[in-house]
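In: after the sequence you'll find the predicted model.
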Amino acid sequence: MTLAVDYNIFYEQKDGNQFHQFEDAFALAGVPVLRIPRNSTRGVVAHDVKTGRLQLPTIWRCAVADGATGSGFSQAWARLLVEQYVNSEVTITPDLGDVRVFIADTATLWNQTMIQEILRGYQPGSMKYIRVKNGLYETTQAAALLLLEVDTVQHTWKAVALGDTLLFKVDGDEKLSPDRPYAHMTGDTFGNNPMLVTTNIEEQNAIIWNSQHFVPEEAYARGSFNMNTDRIFLMTDAIASYYLYFLETYEPIKDHPTREMVDIYKLMLVGRSEEYFNQFVDAKRVRESARGFDKLKNDDVTIMRLRFTDAIADAAPFQLQEIPPLIEPVTDQGVAAPVDPPPVQSAVSTPAGRSKPNDKFPFPVSPSAAAPGDTLPEAQPETMPEQLPPPAPVNVSLTSAQASGSFNVLDDSAVITPAPEAQPSTISPNISAALNSGRPPVALENESFGSTNNMSVQTPAPMPTGRPQVTADFGDTPSEVTVMFNQQNAALERKKLKQASQQRTQQSSNAQPIPTSNNAATMPASRKKARFEVHTQSNIIAINDEILRIIDKVVAWDNSNFSKTDLQTNDLRATVTGVWKNFGKDDVYKWMSDIADSPIHGERRKWEQKIRAQVRLTIEDLIHRRASADSCFYLLLILIVTWDGFQYLSGMVDIELPTHANKSNTDANLEVDIKARKIEFERLWDEFKRSGGKVFPEWIRDFWKLANEYAVGAATRCAMMDEIAKINLKQKL
Amino acid sequence: MPYDAEISRRNPTAFFFVIDQSYSMSEVVGGAQNSKSAMLATVVNRLLNELFLRAQKGDEVWDYFDIALISYGNDKHGPTLVGSAFGGPLAGRAIVPISEVADYPIRIEKRKKKDTDATGALIEVEVEFPIWLEPEFVGGTPMADAMSYAYNIVADWVIKHPESFPPVVIHVTDGEPNDGKDPRPAAEAIRGLATNDGNVLMFTLHLSKEDGGATVFPSDPTRLNVFGQMLFEMSSVMPQKWQVMAVEKMQVPITVNSRAFVFNANIEKMIQFLEIGTRAPGEMK
């Protein structure tokens, strides 16, 4: 053994799905495989399943797969493929001969053995058994598959990609390899590759091996790597497509990288934490929803990052792992009793000899780890992680009613000691911690997403009364950590958090000021950011005030035209304000906190849908009152822009501030935009009247679309952000 | 673009089967040995089986679809002769999420199915076949009342699911209404309902005892008889996204004015038509 690998797997399930419904799969020879028990949280996955340093044999294999959404057992099929591969001796050759045999053998294994094994988990004769059986026998499972074979003596690699998956390599100089593998894959064509690996061998032959469209040379790639510097990435389709888009769009103009490019650059190349990745994905999906940036589609996401090193002394020894059952046997309600007892999941255990949960994060994140020749140099020096000052060792206190302890940022470890009066039985095995963003300016600028980041940490169960080790993967972010407990203590903890937050707000104004408009003005315009936390009642009120001010501002932008509508400015303002306030009338604090603090994208969308539903009702009311279309249009416009503003103010999205050149023409752009929209809108309105109201559903839909396009249009955003940039909310507080 | 919404558990879509169970459904359907009612029940049961398999992830069924089974002509529904055709634990329920449909068929039948073994040889295997719709045929054809009944359920569903892919109403009949009422206004009202993604679609299937002479997706009603013209008017214009599927499946020319309607369908056309009707082009998430 002369070589070890540092591996990190970042993954997140599709928005709206539960964690155990994650349908991507990954496996690395010698690493415990991923198993996610039903209804579990991320904390259940052992540290060494996703991160570690491992000694390697002469030939080493790893793989990722993406189970197709349309097939009911694609998760199990994807797992079977990657886990069989990494434990095999399949050799990847340019003609893919061995790979073809391997896939056929795995399909046979599925059809002749795995189906029966899966069915053994269910009570024969039960409805669930019949459903599962019909699903297994009557549907074909499919997955995209990416296999990697590494020669640790020659320092070479070979890969095969079937379906929409992507491998790429970044050299030690942080540049993409000139001989980029899979260069024929582009952001445009990605997502439409039908050559999936299926359980039906005949179908497999037809869509891949015997297909005239299949070119083995395009699925095959090979290359070499340098120890300690080069990195290899394996991705499933959603994130690969997103990455390719920005690569193709911005690589030629690296001198002016966009915010998105910087984000993904940081994510890929620097030792970012799992927490950062999840926030990254959530944020990109939020953008998709709120702004029409259709770049990171809502799908399962997986990135496997590998770096080979000769530092084998602290690497775990190589040992092939046992593969547990593909599907967790059913135990619920006695509907289908499992025949075998539930197995011990290697994913949640730490085998002897493997790295401990509190082992040091394998990728050094200090500036010394960065190689010279960064591809994103002078343009944005303050944003590049390599140029940040090294994070100081920070020991953060953990305090709560039930426990105390400390958290070390650099080695990602924490210890928690239950308070003497705490009852161990009341402490949840899964402690969730809130990562508060009351952090120094440099960290605020570096950390991009969310005012509050939720994470979970794994402890032994039940919670011992001694000093249990708690792992926390925070990457390089200096942070305050507040421990929260299970539901019984949640109300108490929320109250304490609120009080602590208010105290922090006061302290931060003296000790560590978050960038204000004054110091933000010293940065390049394209990197200015404003971020506010939604933690306190006074903050909420301040934001509400600001929203009302924005409403006035938007109305004033087109006041000359607006005055021609049959509703007076003040009437409309009152209506808009009423609608806006109406959402939070019962409990403003809870309402805004729910939206802004929710880590779940779906929750935000739910609120957005509520707001949109209310807008629609209001418009219908206006129509009923025979208010003019103009009035409806402006009402929509204002509400959408307001929603935009709220998201920004509450830190749900980051918005680029315009360049100076754009800003100078903001008002003119806006006016032109409004006039163009109005012409189109009047055409729709005429059509509506001519039809006697019969085209209403279509009309309202087109109307909404136009208004939405308008609201998220560049001109509006420029003007909006120009105004918001002048706000110094912190000073108001 | 209408009919573009993704189908998700948050925003499911719905299929409303409105099924004629009048006495004339006891006639043999063209091209088959069994009655129209029996063949229709088999096809609908198979479709429901396929729908839940499409929604099944592992052993969980995700609620991508809501299902309504409405039958009319059957005096078990009381004086209105219209009501839910669900039986067993779902009896009386107007609309049911697909996960519950999957778990609560009326019964399971053992049926023979042709399959191939590992060597490729044709074999007959026994499969479990869930039954949700029983073949029944009694009484008259109160089509207008059935449409009104369906309207109320569809309207309620649409209000609750404004962001969803629009529901599809699949009306299967074999005879003229004999209650003296015109079903067209109610059908038009159903088609007038909409989510933000488009109007509700009305697919109409007319079964024949003849094997041949079917009129598939007509765009011109003048060649149909009076009854055919009435069903034509009740049906939706086939949206573009279904047109491609229809051409591929049924190998017939489609025009922009083609209606989602088959007149005088035999067993083969019935199966193809119902598969098209239940294959919403929205992407499932």
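Out: Sure, I can see it. Numbering: from 1, shown residues only, chains lettered A, B, ... in the order given.

In: quick check: mean pLDDT of stretch B:268-285?
Out: Confidence for stretch B:268-285, expressed as mean pLDDT, is 70.

In: which strand or helix spans residue A:116?
Out: Assigned by DSSP states H and E, residue A:116 belongs to helix A:115-119.

In: so what does that helix touch, helix or strand wise?
Out: In this structure, helix A:115-119 makes packing contacts with helix A:127-138, judged by 3 or more C-beta pairs under 8 Å, 6 or more residues apart in numbering or on different chains; DSSP states H and E. Where C-beta positions appear, they are placed from N, C-alpha and C, glycine not excepted.

In: now do the buried residues in the helix it packs on.
Out: A:127-136 (16 or more other C-beta atoms under 10 Å in any protein chain shown).

In: same thing with stretch B:221-232?
Out: Under the neighbour-count criterion of 16+ other C-beta under 10 Å, stretch B:221-232 has B:221, B:224, B:228, B:230-232 buried.

In: just the element for residue A:100, please.
Out: Going by DSSP H and E, residue A:100 is in helix A:97-109.

In: ugh, typo on my part, it should be residue A:166
Out: Judged by DSSP H and E, residue A:166 forms part of strand A:165-170.

In: can I get that strand in CSV? Just the C-alpha atoms.
Out: C-alpha atoms of strand A:165-170 as CSV (Å, rounded to 0.1, in the frame of the first residue of the first chain):
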residue,chain,number,x,y,z
THR,A,165,-23.3,11.1,-15.3
LEU,A,166,-20.1,13.1,-15.4
LEU,A,167,-16.5,12.7,-14.4
PHE,A,168,-14.0,15.5,-14.5
LYS,A,169,-10.5,16.1,-13.1
VAL,A,170,-9.0,19.3,-11.7
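
In: against which helices or strands is it packed?
Out: Under the contact criterion of 3+ C-beta pairs under 8 Å, 6+ apart, strand A:165-170 touches strand A:59-67, strand A:142-151, strand A:231-236, helix A:237-250.

In: ok, then the element right after it?
Out: Using DSSP H and E, the first helix or strand after strand A:165-170 is strand A:197-198.

In: the helix or strand just after that next one and chain B in contact?
Out: Using DSSP H and E, the helix or strand that directly follows strand A:197-198 along the chain is helix A:201-204. No. Judged by C-beta under 8 Å from any C-beta of the partner chain, helix A:201-204 makes no contact with chain B; its nearest approach is 8.9 Å.

In: and helix A:201-204, which residues are buried?
Out: For helix A:201-204, by 16+ other C-beta under 10 Å, it's residue A:204.

In: list the contacts of it.
Out: If you take C-beta atoms under 8 Å, 6 or more residues apart in numbering or on different chains as the criterion, helix A:201-204 is touched by A:103-104, A:107-108, A:140, A:197-198.

In: for stretch B:84-94, same thing?
Out: With C-beta under 8 Å, 6+ apart as the criterion, stretch B:84-94 contacts B:17, B:19, B:21, B:68-71, B:74, B:83, B:96, B:100-101, B:104-107, B:132-134, B:153.

In: for chain A, what is the nearest residue in the stretch 51-200 of chain B?
Out: Of all residues in the stretch 51-200 of chain B, residue B:194 sits closest to chain A, at 3.6 Å by C-beta to the nearest C-beta.

In: pLDDT wise, what is that residue at?
Out: Value listed for residue B:194 in the pLDDT field: 88.

In: now for it, how many residues are close by?
Out: 18 (other C-beta atoms under 10 Å in any protein chain shown).

In: partner residues bridging it?
Out: residue B:199 (DSSP bridges).

In: with distance to residue B:34 and pLDDT added, can I get the contacts of helix A:201-204 in TSV?
Out: As requested, the contacts of helix A:201-204 are exported to TSV (distance: C-beta to C-beta, whole Å; pLDDT from 0 to 100):
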residue	distance to residue B:34	pLDDT
A:103	43	95
A:104	41	93
A:107	37	93
A:108	38	92
A:140	30	88
A:197	41	92
A:198	35	92
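
In: out of those, who's nearest residue A:237?
Out: residue A:197 (13.7 Å; C-beta to C-beta).

In: and the closest residue to the closest one other than its chain neighbours, how close does it get to residue A:77?
Out: Nearest residue to residue A:197 in three dimensions, chain neighbours excluded: residue A:145, at 4.7 Å (C-beta to C-beta, 6 or more residues apart in numbering or on different chains). Residue A:145 sits 10 Å away from residue A:77 when distances are taken as C-beta to C-beta, to the nearest Å.

In: and what of residue B:241?
Out: Distance from residue B:241 to residue A:77, by C-beta to C-beta: 29 Å.

In: which parts of the lengthiest helix in chain B are buried?
Out: Longest helix in chain B, counting residues (DSSP state H): helix B:36-55. For helix B:36-55, burial by neighbour count (16+ other C-beta under 10 Å) applies to B:36-45, B:47-55.

In: quick one: that helix near chain A?
Out: Yes. Counting by C-beta under 8 Å from any C-beta, chain A is contacted by helix B:36-55 at B:49, B:52-54.
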